[in-house]
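Asker: Predicted structure and sequence below. I'll ask about it afterward.
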Amino acid sequence: MSDHTGDTGEMTHRRVHSAPRELVFDCMTQPEHLTHFWGPAGTSTPIDRITVDLRPGGAFETAMISDDGGGEYTMRAVYVEVDWPGRLVWTEAGVEGGMTTTVTFADLGDGRTEVVTHQTNVPAMFRTPEAQAGFTTSLDRFDAYLATRAGRS
């Protein structure tokens, strides 16, 4: 589910995953997991192109490679807050306005986790229906990956 807050450059995505909060958090922060799902359908993110220095001030960088040879998108961010297993905040200074992403992980008490991703200073090109569809496929890939990991950490 996605909510757009007018034209303020804010977006919120909510997704419930059938996996414990600790596993969901670890999958979002460890290269050996991220390589399996990071990026929209039609891209891959090689593990050697993922940097995670999981601490405030640490780097979070990925390179998503188009499967059809159509190019590469590099994300460069810096962690602002790391609170295992409940909250992550990072800022992409190179994105116009300094886009900030806050991800919260809520234990629903039944083995499921609600993940809320809130982004601010989101450029218009990331808020188009096409970009949002791509983001949704990334969430779908994450959910499918978690399904293979649930019960095994």
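Answerer: Yes, it's here.

Asker: Mind listing what's buried along stretch 50-58?
Answerer: The neighbour-count check on stretch 50-58 (16 or more other C-beta atoms under 10 Å) flags 50, 52 as buried. Where C-beta positions appear, they are placed from N, C-alpha and C, glycine not excepted.

Asker: can you pull out the helices in this protein?
Answerer: 21-29, 31-34, 129-149 (DSSP state H).

Asker: which residues sit against the second one?
Answerer: Around helix 31-34, the neighbours that count as contacts under C-beta atoms under 8 Å, 6 or more residues apart in numbering are 26, 27, 28, 45, 47, 50, 51, 52, 62, 145, 149.

Asker: Likewise for stretch 85-100?
Answerer: 9, 21-22, 24-26, 28-29, 60, 75-82, 101-106, 119-123, 126.

Asker: Ends of it, what's the gap?
Answerer: End-to-end distance for stretch 85-100: 19 Å, by C-alpha to C-alpha, to the nearest Å.

Asker: which one of the contacts of helix 31-34 is nearest residue 37?
Answerer: Distance to residue 37 across those (C-beta to C-beta) is lowest for residue 145, with 4.3 Å.

Asker: surely that closest one meets residue 39?
Answerer: No - counting by C-beta atoms under 8 Å, residue 145 sits too far from residue 39 to count as a contact (12.0 Å).

Asker: Please say which of those two ends up with more neighbours.
Answerer: More crowded of residue 145 and residue 39, by other C-beta atoms under 10 Å: residue 39, with 23 against 19.

Asker: Now do the same contact list for the more buried one.
Answerer: Going by C-beta under 8 Å, 6+ apart, residue 39 touches 45, 62, 64, 73, 138, 141.

Asker: what angle sits between the longest strand along the chain and helix 21-29?
Answerer: Longest strand of the chain, by residue count under DSSP state E: strand 72-83. For strand 72-83 against helix 21-29, the angle by axes from the mean of the first three to the mean of the last three C-alpha atoms, to 10 degrees is 140 degrees.

Asker: Report all helices and strands that strand 72-83 contacts.
Answerer: strand 59-66, strand 87-92, strand 99-107 (3 or more C-beta pairs under 8 Å, 6 or more residues apart in numbering; DSSP states H and E).

Asker: For it, which residues meet the burial criterion?
Answerer: Buried residues in strand 72-83, counting neighbours by 16+ other C-beta under 10 Å, are found at 75, 77, 78, 79, 82.
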